[in-house]
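# Sequence first, then the predicted structure, then my questions.
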Amino acid sequence: MTWRAMSVTTLNSGILQSSLPDTIWVRVYEDRMDLLRAVMIGPEGTPYHDNLFVFDFHFGAQYPAEPPMVGPGHIARPCTPTGIPG
């Protein structure tokens with residue numbers, strides 16, 4: 001990753017971490033500026049309520065000229081008091 005891409009990634013991650021709703025979290029890896037993880041909680045009143053949606057982003061060497069790649073992510077379903085996914 002180039003210096004320019006690293007500075008753009010740093011700027012974008014700072015903006016994302018400070019300006020998103022409470023139901024979305026973004027984390028970057030200090031030693032891997034080319035990786036970012038976002039976690040979203042499904043909105044209330046929908047079938048997705050309280051489910052966690054995880055997205056992994058990879059910022060390639062050509063970023064920001066090329067968009068980041070997004071990993072397949074996954075859904076973590078909440079468990080009921082019995083420990084069975086709800």
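Now that the structure is in, tell me what you want to look at.

# separation between P68 and I24?
According to CB to CB, to the nearest Å, P68 and I24 sit 16 Å apart. From N, CA and C alone the C-beta is placed, and that goes for glycine too.

# F53 and Y63: what is the separation?
23 Å.

# neighbour-wise, which of the two wins?
Y63 (21 against 15; other CB atoms under 10 Å).

# is it true that the more buried one lies in a strand?
No. Counting by DSSP: H, G, I helix; E, B strand; the rest coil, Y63 is located in no strand; its state is coil.

# Look up phi and psi at it.
Here is the backbone geometry of Y63 (degrees, to the nearest 10): phi -60, psi 140.

# Equivalent analysis for M40, please.
phi -120, psi 140.

# what number of residues lie near it?
Neighbour tally, M40, other CB under 10 Å: 18.

# Contact partners for it?
M40 makes contact with 23-25, 52-53, 55, according to CB atoms under 8 Å, 6 or more residues apart in numbering.

# From E30, how far off is it?
22 Å.

# Give the burial count for V28, as a bare number.
Neighbours around V28, by other CB under 10 Å: 20.

# Also E66?
11.

# And the nearest residue to it once chain neighbours are set aside, how close does it get to R37?
Nearest residue to E66, sequence neighbours excluded (CB to CB, 6 or more residues apart in numbering): G60, at 6.0 Å. Remark: distance between G60 and R37 (CB to CB) = 16 Å.
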